[in-house]
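Enquirer: Let's see this in three dimensions:
(2 chains)
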There are 2 protein chains.
Amino acid sequence: MERLPGFRDFYPEPLPHPDVWSADARQYIFDQWRKIARRYGFREYDGPPLEPLELFTTKSGEEIVGQLYNFKDKGDREISLRPEMTPTLARMVAAHERNYKKPIKWFAIPQLFRYERQQKGRLREHVQFNADLIGETDPAADAELIALLIDALRAFGLTAEDFVIRLSSRNAWQEFFKHGGGDHAHEYEFFQIIDKLERTPPDESEKKLSAMNFSLAKVNAFIDAGQPTVELETILKNLAARGLKDFVKIDYQVIRGLAYYTGVVFEAFDRKGEFRAIAGGGRYNNLVKLISGGKVDLPALGFGMGDVVLLELLKARKLLPKFDAPMDVFVLIEDENLRADSLKLVSDLRGAGYAVEYPLTPTKPDKQFKRAQELKVGHTAKLENDDYVRIRNAKTKNEIVTGLAGAKNHLAK
Amino acid sequence: MERLPGFRDFYPEPLPHPDVWSADARQYIFDQWRKIARRYGFREYDGPPLEPLELFTTKSGEEIVGQLYNFKDKGDREISLRPEMTPTLARMVAAHERNYKKPIKWFAIPQLFRYERQQKGRLREHVQFNADLIGETDPAADAELIALLIDALRAFGLTAEDFVIRLSSRNAWQEFFKHGGGDHAHEYEFFQIIDKLERTPPDESEKKLSAMNFSLAKVNAFIDAGQPTVELETILKNLAARGLKDFVKIDYQVIRGLAYYTGVVFEAFDRKGEFRAIAGGGRYNNLVKLISGGKVDLPALGFGMGDVVLLELLKARKLLPKFDAPMDVFVLIEDENLRADSLKLVSDLRGAGYAVEYPLTPTKPDKQFKRAQELKVGHTAKLENDDYVRIRNAKTKNEIVTGLAGAKNHLAK
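Expert: Residues are numbered from 1 along each chain as shown, chains lettered A, B, ... in the order given. You can find the predicted model right below:
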């Protein structure tokens, strides 16, 4: 029986097949995300992987349904696997924001789902690091969030030579659109053209733009000038103060596809341009109000960083550690009369916090020794009799014989 | 907009409402599970939350569909959210077992889904700690797995006074059934009656049993005698050697509902009997063969421990730690001329591994101080000028003035 197309199996390393994914690498990535988020004072939350379909259509319109893993449940409800976390976050914040000091700094590591019929071979799920900052309009909040994004990438050993945050602004584009005589009703349509500029043949973009009384030349001139808004200036200054100047640049080609962004938008890319965006985000000052039906009005911004592109990048830059899961101790059982006492030692050492392996069933000494080596153990421990144990440092080969109770004092984790 | 019935929102503590769940407690539980599994040499894996419906019906028959969160996807595939992890594990092991040394010791922490129409108010998802040991028939493997279950509960501070593993055997019941003249075709039906014995009025059980030429009295006598099989004796001896005797007892009332168990079965219960089973598992020596269509034949056993009952139990026994997420340092910014330098300090301290908070925007000194207290910071740090910083231990109130670069040497994590 096969797994569904677009889904992943995660195995312990070393990986048995190029078609499967590393559970160890994934957990390593999650651990780094959590570590950095906590340093920044972000707290973890989570919501249901299934939500009412309406939660996503309210935000993005009916056209999003084509990309959703949606269905009718047995209670005849229209529901969907979550394609992104922000609507859930907005729902949760709107429900209980009064109980939390502002700004709210939250993160989550949700699995997200999309059903894209047209793109075969593409993944239908990934896991995202989502961090959001809610309740603060000042660009200082934008800088804090972007700094978190930078440090979440630096945690893996990536440097300013590996990635850059392309910083843009919906406000700047709104100004440009309004100034150029654009009709507000078509603003989002215009943003969509800009969003696809890099991936669209110039004459096609030109055609679409001229239908809105804009020209590609004017659009490109605006992008090339890259004149930062006051808000972007403030953010750049803030990041420069932190020593993070080299990690950001103004780039108005970035505008983000989603409808709900209202201010600063940004995307993280590898410098060599080999991969899709590593992360993306921006301000969405109206979403909490929209989701809460007008009850709660809070400015917000956030980003999402997926596990798939990040993993590709870390692999390409050789920044993944070795995941060989070494054990601390292997308890050798050569005399089966000492098995009961050896089990006690195994249990005690595990109780003291050590990772301990031993032969489950009677096993030849040389096979036990080989297994201990495979497990890259720090020490072997072998009972001499029911009172004493011989502990051997696998690296230095130093041996010591000690009473059972004192065994753990001769081990280093 | 509301979340779907039977699903949970997880918020950072302190919780804003009794109807929501603690993201902190959940992560704490996951951390303990991971820690103990690794001590036992178990490696992490994961599979897709969605699987072909067939994966679950192959194992449990068509009648399971009534309890599944299943639907047809846009590619017209019959699929289901996973109700348990074992079929996915069996699928994954069957695909690549040759690449792993036996016994395979794997764990996962999957979210699982059931759609139970009849029981309103019941949760439709939970997260389970799943540990499985594959490729070893010897009862030593059963003992190792049960020891892991015991230690995974002890990790939370639970003792032999809080919980007990009720140990039973499908083999013992098979013997009883065969010896009593039972027809093999009705064996699973008989097991189902035993499984429901505790929750069924005696006369109803009597009626069902006598239809199969058994009597409740005989069944009860067998349970009361609780005569361990040779296999169970071996397991008990092994656990006793580890000092875990007090955590297990023979109890033939336990038989487990699922069809695929073949040998030892067990459930963990709180001693006071206040809650549903904390965990359950057993041997399933035929499942890998079944799932792989006969290609791979490996003996196996495993258990699952859900997060919901465990959390209830830990709450009732007051064993949950406080989740107040203290910050290491609060950087006070009283002179806005020093904001840029203060941001540099924030950035440096976070880079050194500290959890650091600061006022995002100009804030009155007393409000900053109050916020630092709320965050239970270990230290405050305030720039004296652009070269020196005053560090104050929040507990001892000791202060020191040091150069910016040396600040981190005066902090304890």
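
Enquirer: okay, CA-based contacts and neighbour counts for the rest of this
Expert: OK.

Enquirer: Was I right to think A:Glu80 contacts A:Leu50?
Expert: No Glu there; residue A:80 is Ser. Yes. The pair A:Ser80 / A:Leu50 is scored as a contact, 5.5 Å apart, by C-alpha atoms under 8 Å.

Enquirer: Which one's more surrounded, the two?
Expert: A:Ser80 (23 against 19; other C-alpha atoms under 10 Å in any protein chain shown).

Enquirer: interface residues of the stretch 301-413 of chain A facing chain B?
Expert: Residues of the stretch 301-413 of chain A lying close to chain B by C-alpha under 8 Å from any C-alpha of the partner chain are A:325, A:327, A:340-341, A:343-348, A:350, A:353-357, A:360-361.

Enquirer: Tell me the buried residues within these.
Expert: Buried by 16 or more other C-alpha atoms under 10 Å in any protein chain shown: A:325, A:327, A:340-341, A:343-348, A:350, A:354-357, A:360, out of those.

Enquirer: which residues sit in contact with A:Leu15?
Expert: A:21-22 (C-alpha atoms under 8 Å, 6 or more residues apart in numbering or on different chains).

Enquirer: Give me the domain ranges for chain A.
Expert: What automatic domain parsing lists as the domains of chain A is A:10-316, A:329-410.

Enquirer: Endpoints of the shortest one, how far apart?
Expert: Put plainly, it is domain A:329-410. Chord length of domain A:329-410, first to last residue, is 11 Å (C-alpha to C-alpha, to the nearest Å).

Enquirer: wait, does the helix or strand hosting A:Leu55 contact chain B?
Expert: Using DSSP states H and E, A:Leu55 sits in helix A:53-60. Yes. Using C-alpha under 8 Å from any C-alpha, helix A:53-60 reaches chain B at A:Leu55.

Enquirer: From the contact counts, what lies against that helix?
Expert: strand A:78-81, helix A:86-96, helix A:287-291 (3 or more C-alpha pairs under 8 Å, 6 or more residues apart in numbering or on different chains; DSSP states H and E).

Enquirer: name the helices or strands packed onto whatever helix or strand comes next after the last one?
Expert: To tie it back to what came earlier, the one meant is helix A:287-291. Later in the chain than helix A:287-291, the nearest helix or strand by DSSP H and E is strand A:300-306. Counting contacts by 3+ C-alpha pairs under 8 Å, 6+ apart, strand A:300-306 packs against strand A:125-134, helix A:139-154, strand A:279-283.

Enquirer: Quick check: neighbours of the shortest one in the sheet, parallel or antiparallel?
Expert: Strand A:279-283 pairs in its sheet with strand A:264-270 (antiparallel), strand A:300-306 (antiparallel), by DSSP bridges.

Enquirer: Let me have the ones you listed in TSV, adding mean neighbour count as columns.
Expert: Formatted as TSV, the strands paired with strand A:279-283 follow (neighbours: other C-alpha atoms under 10 Å in any protein chain shown):
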stretch	mean neighbour count
strand A:264-270	24
strand A:300-306	24
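
Enquirer: In CSV, list these along with mean pLDDT.
Expert: As requested, those are exported to CSV (pLDDT from 0 to 100):
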stretch, mean pLDDT
strand A:264-270, 97
strand A:300-306, 98
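
Enquirer: Relative to B:Val309, which of these is closest?
Expert: strand A:300-306 (31.9 Å; C-alpha to C-alpha).

Enquirer: Relative to A:Val331, how far out is the closest residue to chain B within the stretch 301-413 of chain A?
Expert: Chain B sits closest to A:Ala355 of the stretch 301-413 of chain A, with a gap of 3.6 Å, by C-alpha to the nearest C-alpha. Counting by C-alpha to C-alpha, the gap between A:Ala355 and A:Val331 amounts to 11 Å.

Enquirer: One more: A:Asp162?
Expert: 44 Å.

Enquirer: Neighbour count for these two, which is higher?
Expert: Counted by other C-alpha under 10 Å, A:Asp162 and A:Val331 do not tie: A:Val331 has more neighbours, with 25 against 18.

Enquirer: follow-up on the earlier one: reformat the strands paired with strand A:279-283 as CSV; add distance to B:Lys208.
Expert: Output for these, formatted as CSV (distance: least, C-alpha to C-alpha, whole Å):
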stretch, distance to B:Lys208
strand A:264-270, 65
strand A:300-306, 54
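
Enquirer: right, and those - which one's nearest B:Leu158?
Expert: Nearest of those (C-alpha to C-alpha): strand A:300-306, 37.3 Å.
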